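[1] any chance you can model this:
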Amino acid sequence: MPIRKGNRKPSGLAYLLAIQLMPRLRNWKELTLYAPTQHFVTEQVEHLRDLFSDTAAWSLIRTHLPDMLRVAISISQGKIRSSTILRKLGTESRKNRLYVAFPELGRVVRTIFFLQFITDEELRRTITASTNTVEAWNQFVQWVAFGGEGVIRQNNREEQRKIIRYNHLVANLVVFHNVAAMTRGLQELVDEGYAVTPEIIAGFSPYKTGPINRFGAPRSAWRERSPPGTRCGVHRWLEGHAA
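    Got it, this is the predicted structure:
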């Protein structure tokens, strides 16, 4: 399975939880593939032989599979949190049987996925498109949470959840504003006779930050009279309460 140094256990645990992790793979030369047997590497493959640098420890997986299944069932039934078990699995000790078993299963799972990834062009396109969307959203949410450089400084778990929820709420409001503004602009182009095709619309993104002023308008701007046809209750309230 392709594997780098670092966090290697979640892929094996995710597999037992029926979760298929589909990351976008880069720098393939840094990845390691694990062959099912040494015989497979030496005799059953030729052109891909250099990709397989090690073999899977099936005996280790077979021995500890019942324990790994118990962990997965406990998580799926809500008896234990996945974060708790991952924290326990982070104990790098040879006495921790699951610490070495889960990564070994993960190597097999990731190897299978990697082979699918390099042979299926449509899969690569789907993963790349989905990953780009997620990355764009994460960057947008981070941009919205500009206070304190976007760092959550609360140690209380409930307060952390509140900050995340409120941040996502504001981000969704900005997305709604962007979509509404783009819709009006596109409708004006259509009314003027321009051809707005689905291909053109597909090039737009709701995660625009350029027109948004995160710090708000200065109070002096509130006193300016609105253009005809744009006055509303909010404008009248601001005019009446401006100091």
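[2] just to be sure, residue 54 is in a strand?
    Yes - going by DSSP: H, G, I helix; E, B strand; the rest coil, the assignment for residue 54 places it inside a strand.
[3] run a quick neighbour tally on the residue lying closest to it once chain neighbours are set aside.
    For residue 54, ignoring the flanking residues on the chain, the nearest one in space by Cβ to Cβ, 6 or more residues apart in numbering is residue 34 at 5.3 Å. To be clear about C-beta, it is placed using only N, CA and C from the backbone, and glycine gets the same treatment. Residues lying near residue 34 (other Cβ atoms under 10 Å) number 22.
[4] contacts only, for residue 124.
    Shown in contact with residue 124 (Cβ atoms under 8 Å, 6 or more residues apart in numbering): residue 117.
[5] secondary structure class for it?
    helix.
[6] the residue nearest to residue 54 against residue 108, yeah?
    Yes - between residue 34 and residue 108 there is a contact under Cβ atoms under 8 Å: 6.3 Å.
[7] quick one: buried residues of the particular helix or strand that has residue 160 in it?
    Assigned by DSSP states H and E, residue 160 belongs to helix 157-191. In terms of neighbour count (16 or more other Cβ atoms under 10 Å), helix 157-191 has its buried residues at 163, 167, 171, 174, 175, 178.
[8] if I look at residue 22, how far off is residue 14?
    10 Å (Cβ to Cβ, to the nearest Å).
[9] in stretch 16-30, what counts as buried?
    For stretch 16-30, the neighbour count (16+ other Cβ under 10 Å) marks 16, 25 as buried.
[10] end-to-end on it?
    26 Å (Cα to Cα, to the nearest Å).
[11] most centrally placed residue in this structure?
    Centroid-nearest residue in the chain, with Cα atoms, centre = their mean: residue 134, separated by 5.1 Å.
[12] using CSV, write out every CA atom in the host helix or strand of that residue.
    Using DSSP H and E, residue 134 falls within helix 121-144. Extracted as CSV, the C-alpha positions of helix 121-144 are listed here (Å, rounded to 0.1, in the frame of the first residue of the first chain):
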residue,chain,number,x,y,z
GLU,A,121,-8.5,7.8,-15.2
GLU,A,122,-12.2,8.6,-14.3
LEU,A,123,-11.4,7.9,-10.7
ARG,A,124,-8.5,10.3,-10.7
ARG,A,125,-10.6,13.0,-12.3
THR,A,126,-13.4,12.5,-9.7
ILE,A,127,-11.0,12.6,-6.8
THR,A,128,-9.1,15.6,-8.1
ALA,A,129,-12.4,17.6,-8.6
SER,A,130,-13.7,16.7,-5.2
THR,A,131,-10.4,17.5,-3.5
ASN,A,132,-10.2,20.8,-5.2
THR,A,133,-13.7,21.7,-4.0
VAL,A,134,-12.9,20.7,-0.4
GLU,A,135,-9.6,22.6,-0.4
ALA,A,136,-11.3,25.7,-1.8
TRP,A,137,-13.9,25.5,1.0
ASN,A,138,-11.3,25.0,3.7
GLN,A,139,-9.3,28.0,2.5
PHE,A,140,-12.5,30.1,2.3
VAL,A,141,-13.5,29.2,5.9
GLN,A,142,-10.0,30.0,7.1
TRP,A,143,-10.2,33.4,5.3
VAL,A,144,-13.5,34.1,7.1
